[in-house]
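I'd like to go over a predicted model; first the sequence, then the structure.
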Amino acid sequence: MSDANQPNMTRRGLLGSSLAAATGATLTLAAGAAAAAATPVAPPAALAGTPPAAPKVEPFLGQHQSGIVTPQQAHIYFATLDLTTTKRADVVALLQRWTLAAQRMARGETGLVLGTDLDAAPVDSGESVGLAPARLTVTFGFGPGLFIRDGVDRYGLASKRPEALVDLPKFNGDQLIPERCGGDISIQACADDPQVAFHAMRQLVSMADGVGSLRWMQTGFVSGERNLMGFKDGTNNPSVKDQNLMHTHVWVGKEGGWMQDGSYQVVRRIRIALEHWDRTKLGFQEEVVGRHKASGAPLGKKHAHDAMDLDATDAQGNLVVPETAHARVASPKQNDGAQMLRRGYSYNDGANFYAERWPPWRQGILYDAGLFFAAYQRDPRTSFIRVNQALSMQDMMNQYTTHVGSGIFACPPGAREGSYIGAPLFEA
Amino acid sequence: MTMRYTDSDSLRCATLTRRLVAIASLALATHLAYADGPKGLLETLHKHVPLTATVPDNGDQNPYAVVVAPVSAGLFERGDVLVDNFNNAANLQGMGTTIVRYSPTTKKMTLFAQLPRDLAGCPGGVGLGTAMTVLKSGWVIVGSTPSNDGNTDTKGAGCLIVLDANGKVADVWAGPAINDPWGNMAVIDNGSTATLFVSNAGFGVGSSKGTPPVVNQSTVLRIELAIADGDKPRVTSQTVVASNFGAQADKGVFLIGPTGLALGKDDKLFVSDAVGNRISEIWDATTRTTSAGIGRTLTQDGLLLRPLALTVAPNGHLLVVNGVNGKVVEIDPDTGTQIYAQWIDNNKAQTPPGNGDLFGIAMNLEGTAFYYVEDEVNELVIAK
């Protein structure tokens, strides 16, 4: 499974090659320029003009998968695939191919080792050549359909479906589009460069040819602390630096068997009626969110990270943070301490015809934009499902948001050196 | 028409949230000084308490009709509140098929009836609207104003559906006099006989595309029923008692047409004429054999802003909810005086606050409070 002796090409290797940079060299020219670069090569100081910065690489291998507690990158490509093969071995082989490719691409290399045969299609599309690794992470998840689909145990895995990998219930107000829901396998590719993220996704999907097919895909972006509603988002997220919190709320423990050190991923494509929101008075926006827009502080507080006082009342005895404010309804205090690690991205897929689900039922060509919510948790039954049942019924923000896509996936622990992603499931 | 008081520009709320408004909303009271006791019901109601979400398991949305059961029978107890849903889970209007039941005793919401979308004998199928009643005999009668895509472009003429007290379909009434039974029913219930008044807002209404015309073809139909012991209600006569009300297709709110009906003293029937922004008075409502046309204007404009469902308070006053803001207006039916309004839903997610949120309204059996629905959040609320 080693590629060390094969012709090779790294993005950073090419970036560092004056020849390649100067001439727009062909892939063949670049071959071997940085062969087997397990560690990306920093650009020569003379080229960069400044001392070389540490390469921004997020290793694929590890105890946990990357892309979960990894500091959030600026771009996401998320996709799910339906497996079409009936053979377990095909699935294992695909996971092995993906594991190798993900390692390579995280280092800034092409997904597969490029050949020189002019009569063959390139095995990598090549658009990442010359680009930095951009902290690319690839995170894989297993949907319920991997274990059993339409009552059929295709791969002998039905008995290994984790109890926590439940089918998400229908929540109040859901308007889920089947073409944007579910999937047997999820792939989350995140990077600081959208082309790097899409490149990774493109190669991985291509490698699934004949084994599985693309079901749906979602792109997203994040910049700074604010979401498309203009509010700071994620302020109340548990700190990824707090290992205890991560083990309590994010990483699956021994109770998970083969899922130990993995995490459950829930994604929701949440359309936001931006036109409606943009016409809403600032004061009411803050009531809806439960925070001040400028500072991000909880209502009645000064600073974004001030603790929210859910009991505070004003001079008239009214709650300062309204009873149906998003921040209150979602708060751990209101949900038996439930927490999850949110890792959402904004999205805008242009504009489409929509009929709003709130008075006065605006209809027309409206933004298809919102939040691609992604969250990781130790047990979705006591985290996302618990919280979203409350949110779907009580959150004032529901007058602006509609859940149109959904998925739940068991993200296995990280792959170890010489092994592959999901091995504990298939080899247990 | 005389307005003694308006709060429309002065309602002041300490908070912007709907629920907190419920706690401290009667700002109008601060403007009133009573030398001779209250002038109406609204000033005596100080709390607005959300009771239940109205969304059943199938996800239906947009609660319309609100009816209080006068008796215990089958699945409901006396005093229970039945609420139907106009939209399906995809929020397409005219496709809701469910009636839920709220019990003030258990404080729980349960499903009372889930009807098939395609119901034999009901042209266009089932989309439950504001026309609903529970008779003393335990029968439930509900109107369908159906669509296949959430717009009037695909609407059918609908029907009236008779359900037994267990929520099972017992009969379907359709015919040339019934076309999208839309408004809340006014009912005289004598047990073995009953008289229903139903507004039909579908005649001549077409596509909602472009600028749909106002079509002056809506009617109020009086339906006489005979209800033999152990047998389902039977229609003994139908008479159009009012006609030529305006109706208009609307791509936002589906249909604007006569929506509220209430009976007053001296055999008067009151009709909320949403297009005309007026309350109409039909005289000799139970005896007339011809149409009174659009009737006499009891009151127009002022605090009214697309009046929808109507009910009668114990003091004889009319309560009508506005479609374009979240207010309920109290009207003296003897003089046409608009006494005042109360902003029972000032949700600022809409402009003006509460726009499109209100629809059905019904007094509790004790006459001390009224129930209403908030469409934007799919909730049943009590004002008490």
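Yep, it's here.

by contact count, what packs against the lengthiest strand in chain B?
Longest strand in chain B, counting residues (DSSP state E): strand B:234-250. Where contact means 3 or more CB pairs under 8 Å, 6 or more residues apart in numbering or on different chains; DSSP states H and E, strand B:234-250 is packed against strand B:214-226, strand B:254-256, strand B:269-273, strand B:278-282. Any C-beta I mention is one placed from the backbone N, CA and C, and that applies to glycine too.

before we move on, which element is the closest residue to chain B within chain A in?
Closest residue of chain A to chain B, CB to the nearest CB: A:P359 (2.3 Å). Counting by DSSP states H and E, no helix or strand carries A:P359.

right, and it touches B:Q350 too?
Yes. Taking CB atoms under 8 Å as the definition, A:P359 is a contact partner of B:Q350 at 5.5 Å.

So for those two, which residue has more residues nearby?
A:P359 (26 against 23; other CB atoms under 10 Å in any protein chain shown).

How about the more buried one: what's its closest non-neighbour residue?
Nearest residue to A:P359 in three dimensions, chain neighbours excluded: B:G356, at 2.3 Å (CB to CB, 6 or more residues apart in numbering or on different chains).

related to what we said a few turns ago, overlap in contacts of A:P359 and B:Q350?
Between them, A:P359 and B:Q350 share these contacting residues under CB atoms under 8 Å, 6 or more residues apart in numbering or on different chains: B:G356, B:D357, B:E376.

closest to chain A among these?
B:G356 (2.3 Å).

B:D149: what secondary structure?
Here B:D149 is coil, with the state taken from DSSP: H, G, I helix; E, B strand; the rest coil.

for it, phi and psi?
Main-chain torsions, B:D149, degrees, to the nearest 10: phi -140, psi 10.

Spit out the contact partners of it.
Taking CB under 8 Å, 6+ apart, we find B:D149 in contact with B:L92.

looking at the shared contacts of A:P359 and B:Q350, which has the most residues close by?
B:D357 (29 neighbours).

who's in contact with it?
A:P359, B:G326, B:D345, B:N347, B:Q350, B:E374, B:D375, B:E376.

Just the buried positions in the biggest helix by length in chain A, please.
Ranked by number of residues, the top helix in chain A under DSSP state H is helix A:88-106. Neighbour counts over helix A:88-106 (16 or more other CB atoms under 10 Å in any protein chain shown) mark A:90-92, A:94-106 as buried.

and what of stretch A:159-171?
Residues of stretch A:159-171 classed as buried: A:K160, A:R161, A:P162, A:A164, A:L165, A:L168, A:F171 (neighbour count, 16+ other CB under 10 Å).

how about the helices of the chain, start to end?
Since you didn't name a chain, this refers to chain A. Ranges of helices in chain A, per DSSP H, are A:11-15, A:18-23, A:27-30, A:45-48, A:88-106, A:144-147, A:194-207, A:243-249, A:274-278, A:282-289, A:326-329, A:384-394, A:423-427.

let's do chain B instead
Counting by DSSP H, chain B has helices at residues B:18-23.

which regions of it sit below the pLDDT cut-off?
Low-confidence regions of chain B, defined by pLDDT under 70, span residues B:1-35.

Just the closest of the shared contacts of A:P359 and B:Q350 to A:L371, please.
Compare each of these with A:L371 using CB to CB and the shortest gap goes to B:E376, at 20.6 Å.

thinking again about what came up before, centre of the chain to the longest strand of chain B, how far?
Offset of strand B:234-250 from its chain centre (CA atoms, centre = their mean, to the nearest Å): 15 Å.

Okay, now the sheet partners of it, with direction.
Strand pairing for strand B:234-250, using DSSP bridges, gives strand B:214-226 (antiparallel), strand B:254-256 (antiparallel).

Residues of chain A that sit close to chain B?
Within reach of chain B by CB under 8 Å from any CB of the partner chain, chain A has these residues: A:170, A:172-175, A:276, A:279-281, A:283-284, A:287-288, A:314, A:316-319, A:322-325, A:355, A:357-363, A:393, A:396, A:398-400.

which ones are touching B:D345?
Contacts of B:D345 (CB under 8 Å, 6+ apart): B:R18, B:V21, B:G326, B:P353, B:G354, B:D357, B:L358, B:Y372, B:E374, B:E376, B:V381.

now do 6 Å
B:G326, B:G354, B:D357, B:L358, B:E374 (CB atoms under 6 Å, 6 or more residues apart in numbering or on different chains).

Just send those back as TSV, with distance to A:F231 too.
As requested, the contacts of B:D345 are exported to TSV (distance: CB to CB, whole Å):
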residue	distance to A:F231
B:G326	26
B:G354	24
B:D357	24
B:L358	29
B:E374	25
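
Which parts of the stretch 251-384 of chain B are strands?
Ranges of strands in the stretch 251-384 of chain B, per DSSP state E, counting those that start in this stretch, are B:254-256, B:260-263, B:269-273, B:278-282, B:296-300, B:307-312, B:318-322, B:327-331, B:338-343, B:361-363, B:370-374, B:379-383.

Any chance of CSV for those, columns distance to B:G74 and mean neighbour count?
Shown next, in CSV, are these (distance: least, CB to CB, whole Å; neighbours: other CB atoms under 10 Å in any protein chain shown):
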stretch, distance to B:G74, mean neighbour count
strand B:254-256, 31, 25
strand B:260-263, 26, 25
strand B:269-273, 30, 28
strand B:278-282, 33, 24
strand B:296-300, 38, 19
strand B:307-312, 24, 25
strand B:318-322, 29, 27
strand B:327-331, 31, 26
strand B:338-343, 35, 26
strand B:361-363, 19, 21
strand B:370-374, 20, 25
strand B:379-383, 20, 23
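
Output those as a markdown table; include the columns distance to A:D193.
A markdown table is the format used below for the strands of the stretch 251-384 of chain B (distance: least, CB to CB, whole Å):
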| stretch | distance to A:D193 |
| --- | --- |
| strand B:254-256 | 48 |
| strand B:260-263 | 60 |
| strand B:269-273 | 60 |
| strand B:278-282 | 63 |
| strand B:296-300 | 64 |
| strand B:307-312 | 55 |
| strand B:318-322 | 54 |
| strand B:327-331 | 54 |
| strand B:338-343 | 52 |
| strand B:361-363 | 57 |
| strand B:370-374 | 47 |
| strand B:379-383 | 46 |
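
what about the residue of the stretch 151-300 of chain B found nearest chain A, neighbour count?
Nearest residue of the stretch 151-300 of chain B to chain A (CB to the nearest CB) works out as B:G252 at 4.2 Å. B:G252 has 15 neighbours, counted by other CB under 10 Å.

Next: A:G156.
Neighbours of A:G156 under the rule other CB under 10 Å: 10.

could you measure the closest residue to it other than its chain neighbours against A:L81, distance?
Distances taken as CB to CB, 6+ apart place A:R88 nearest to A:G156, at 6.0 Å, with adjacent residues excluded. Separation of A:R88 from A:L81 (CB to CB, to the nearest Å): 16 Å.

Equivalent analysis for A:S295, please.
Relative to A:L81, and taking CB to CB, A:S295 is found at 42 Å.

Quick check: bridge partners of the residue nearest to B:D250 when sequence neighbours are not counted?
Excluding the flanking residues, the one nearest B:D250 by CB to CB, 6+ apart is B:I256, at 5.4 Å. Listed by DSSP bridges, the beta-bridge partners for B:I256 are B:Q248.

Please apply the same query to B:Q342.
Beta-bridge partners for B:Q342, by DSSP bridges, are B:V328.
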